[in-house]
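A.B. asks: Take a look and give me a structure for this.
(chains A and B)
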Amino acid sequence: MNFKADEIATVIKEEISQYRAELEVADVGRVLEVGDGVARIFGLSNAMAGEMLEFSSGAIGLVFNLEEHSIGTVVLGDYLDIKEGDEVRTTGRLLSVPTGDAMVGRVVDPLGRPLDGRGPIDSSHRRPLEVIAPGIAGRQPVKVPLQTGIKAIDSMIPIGRGQRELIIGDRKTGKTAIAIDTILNQKGGDVVCVYVAIGQKESTVASIVETLRKHGALDYTIVVSASAADPAPLQYIAPYAGCAMAEHFMYDHGRDTLCVYDDLSKQAAAYRQLSLLLRRPPGREAYPGDVFYLHSRLLERSCKLAEQHIIVRKDAPDDVKAGVNGKVYIGIQDGAALERDLAALPEKDDHEARRIATSGGSLTALPVIETLEGEVSAYIPTNVISITDGQIYLEPDLFFAGVRPAVNVGISVSRVGGNAQVPAMKKIAGSLRLDLAAFRELEAFAQLGTELDPATQRQLDRGRRMVELLKQPQYMPLDVWDQVLTIHAGARGFLDDIPLDQVHAFEEALLRHYRDEFAEVRQQLTEERVLTDEMDEKLKGIVANFKETFQAKQDG
Amino acid sequence: MTPDIEKGIDVADVYAVALLELASAADAADETRAELEELARLYETDAQFAAFMSATAVDDDDRERSLDTIFHGRLSDLVLNTLQVMNRHGRSALVRPLLRAYDLRLQEARGQIEVFATSAIELNPAQKSELESVAATLSGKKPIVQYRVDPGIIGGLVLQIGDRRYDNSIRRRLVTAHAHLAERGDRGLERPGPGS
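C.D. replies: Numbering: from 1, shown residues only, chains lettered A, B, ... in the order given. Reported below is the predicted structural model:
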């Protein structure tokens, strides 16, 4: 940037002349004791719970405990500069974070301060950290899929926009990998992603940021990081900060967003640390009594907002705000009224129903919880399982057996289910989970080494190949239509006589074949979104022909 | 007030409330306060006394006997009894917080409030009385004003009523202006100057 000296002088002159001295009114208190990220403050009898405070050192605090003569606060930032006797001021505001387009592509801390060394962030919007989630009337059922690009998930545990799906498993089972692949798969789409790293090693976060950058995902992602080196208060507020940043896009622009909280177990541990230091009574596993509320209020903010429609003239400009009859139709419940009113208009052919652009946004949450030794009935895991709309279980046994992603589809659930799948996928994956469950049972049986009847053998062969098909390398999310085509080939039995170690080669070659030779068939599927019987037969024909060539090549 | 006094106020308040009630019933609230003030001064000036009151190594029974010996006839029965009760509960070190808590409770009972006024130069009587009426309006109570002179604020006035501080000093205005300009500079200049 090239400044001219008089530019600077002029602007500053303007600033000074416009400066209006105001009387500063603030409540002040004094620090009684400080340490480990918490501070007790004397005075401030008018402080409110959750209010933001300013220490004389510049650090920010959050009111946590209100006691008769003192208040307990958490220090967001460097508490080492705060001394006993320091002055503290209330700000009269709730804690808020900067939000907006300026945050996209940046790596920030939970207070919105940049960590990536790419200069200050100039954002004009701020949102409060804690908001009350929309009520029942403001929401709408989840119907639109959020494609993760992972075959095992999109086929059997589909996630919808506005759903909360928990990723749960032991350490090193690939939980973060699933979240990152989901983010990578949003490339070219309209979903804004927020990745919140809580209590992780900074080297890990750095490599995740690099991965996102390499795949061009940073263009639509915000990374919020409160690493293990950051004080517990920052780890505590990090998920709320990420959620607030995503909510800007959901509420103010009607966009779909994705929030990954990696991971909430560490946030719960940080919250436990704060609560114990501020002498809140410990409950089970020494967690404070409101650790459920910690997670439930975060996850309730994920939703699919009800779309709002107005009746406008067909030639009305895009940014028209009010309908011709002044009414706003909210969600599906007002659908009938909308149609009736539209039909009742005298010039109904000149009018149409239009969605208000800022309505209908969504926030999908992918919280991550780490279990210890597969113990999913521990306190925090059971809490979060009861809050979310489904779980993806990752098991170390599967991981080390080579099944990656190590998803146990038998016990993984998506409570939104088929509503959040494209019809073609729903049809083709319909019985997949049951087939795999039956296969797992038979597999144990087969290890007995007894002679098996042809039907059982077929089931085993099919099952093994489907498991093989569902394996997927990291950082290679698959487009949903490619998924439909590969699973179709498997489900229709074309893989049953392909050797196991050639299944992936077959899959890759088949997809290439579709793209090169039958692009218009693939295009038709993409447009129709449904797998009609006619299309099914057509695809079967293509795969059969392809298979002959493939097998010939393998033999020769 | 210093942090070590403030830290003990939570507990001392319990005793202060009881003491004030009894003192008010006997119409001796101010005398009691004077005695507490003397005790607090003793605590501050006599290191041995302070150590004696706060040492955990001293047996409570021994301390009880010593307190009786030292203060019998020199302190009113009410205050001495209070000290003994505090000692029995292991709170003998809270002499100064007790005075502070008593003060606050007494002010509350009388509809008074502590006010601290800081100015760059000494205020004249007319200014002082105006300040007191402003403080009375703002707080809705009778102000007990303590005046301080601090040339560091350069000019203007800093008025603290209870927790609330009204800062109209020049020093604070300069600091705010400085921060404002620095923030603008940090963000970069957003619009070109007219002379460019």
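
A.B. asks: Can you name the residues of chain A that neighbour chain B?
C.D. replies: A:1, A:3-4, A:6-12, A:15-16, A:19, A:21, A:23-33, A:42-46, A:67-70, A:84-85, A:89, A:120, A:122 (C-beta under 8 Å from any C-beta of the partner chain). Glycine gets a C-beta too; all of them are placed from N, C-alpha and C.

A.B. asks: Direction included, what does the longest strand anywhere in chain A pair up with?
C.D. replies: As assigned by DSSP state E, the longest strand anywhere in chain A is strand A:24-35. Partners of strand A:24-35 in the sheet, by DSSP bridges, are strand A:38-43 (antiparallel), strand A:87-94 (antiparallel), strand B:164-167 (antiparallel).

A.B. asks: what residues go with each domain of chain A?
C.D. replies: A:28-95, A:145-303+A:363-420, A:308-355, A:423-555 (automatic domain parsing).

A.B. asks: gap between the closest residue to chain B within the stretch 401-550 of chain A and A:E370?
C.D. replies: Nearest residue of the stretch 401-550 of chain A to chain B: A:Y475, at 36.3 Å (C-beta to the nearest C-beta). Note on A:Y475: its distance to A:E370, by C-beta to C-beta, to the nearest Å, is 22 Å.

A.B. asks: so where's the chain uncertain?
C.D. replies: I went with chain A, as the question did not name one. A:1-4, A:556 (pLDDT under 70).

A.B. asks: that's the other chain; I wanted chain B
C.D. replies: Using pLDDT under 70, the flagged stretches of chain B are B:1, B:184-196.

A.B. asks: the helices in it, which residues?
C.D. replies: Under the criterion DSSP state H, chain B contains helices at B:3-25, B:29-45, B:47-54, B:60-71, B:77-88, B:95-109, B:125-139, B:170-187.

A.B. asks: Format these as TSV; extra columns: distance to chain A.
C.D. replies: Listed next are these as TSV, based on distance: least, C-beta to the nearest C-beta, whole Å:
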stretch	distance to chain A
helix B:3-25	4
helix B:29-45	17
helix B:47-54	18
helix B:60-71	26
helix B:77-88	17
helix B:95-109	9
helix B:125-139	10
helix B:170-187	5
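
A.B. asks: Would you reformat those helices as JSON lines and include mean neighbour count?
C.D. replies: Output for the helices of chain B, formatted as JSON lines (neighbours: other C-beta atoms under 10 Å in any protein chain shown):
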{"stretch": "helix B:3-25", "mean neighbour count": "18"}
{"stretch": "helix B:29-45", "mean neighbour count": "16"}
{"stretch": "helix B:47-54", "mean neighbour count": "14"}
{"stretch": "helix B:60-71", "mean neighbour count": "14"}
{"stretch": "helix B:77-88", "mean neighbour count": "18"}
{"stretch": "helix B:95-109", "mean neighbour count": "21"}
{"stretch": "helix B:125-139", "mean neighbour count": "14"}
{"stretch": "helix B:170-187", "mean neighbour count": "13"}
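
A.B. asks: Could I get these in a markdown table, plus columns for distance to A:T99?
C.D. replies: Shown next, in a markdown table, are the helices of chain B (distance: least, C-beta to C-beta, whole Å):
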| stretch | distance to A:T99 |
| --- | --- |
| helix B:3-25 | 38 |
| helix B:29-45 | 52 |
| helix B:47-54 | 52 |
| helix B:60-71 | 59 |
| helix B:77-88 | 53 |
| helix B:95-109 | 43 |
| helix B:125-139 | 37 |
| helix B:170-187 | 16 |
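
A.B. asks: hmm, back to that, tell me the contacts of the residue of the stretch 401-550 of chain A closest to chain B?
C.D. replies: Listed by C-beta atoms under 8 Å, 6 or more residues apart in numbering or on different chains, the contact partners of A:Y475 are A:180-181, A:184, A:211, A:215.

A.B. asks: Surely it is in a strand?
C.D. replies: No - A:Y475: not assigned to a strand; according to DSSP: H, G, I helix; E, B strand; the rest coil it is coil.

A.B. asks: In three-state terms, label A:V530 for me.
C.D. replies: Judged by three-state DSSP, the three-state class of A:V530 is coil.

A.B. asks: thinking it is in contact with A:P423, fair?
C.D. replies: Yes - here A:V530 reaches A:P423: they are 4.5 Å apart, a contact under C-beta atoms under 8 Å.

A.B. asks: okay, now the domains of chain B?
C.D. replies: B:3-108, B:112-187.

A.B. asks: Of those domains, give the one that comes closest to A:Y393.
C.D. replies: A:Y393 lies closest to domain B:112-187 among the domains of chain B, at 46.9 Å (C-beta to C-beta).

A.B. asks: and the residue of the stretch 151-300 of chain A found nearest chain B, what does it touch?
C.D. replies: Closest approach between the stretch 151-300 of chain A and chain B, counting by C-beta to the nearest C-beta: A:R279, at 12.2 Å. The neighbourhood of A:R279, defined by C-beta under 8 Å, 6+ apart, consists of A:65, A:72.
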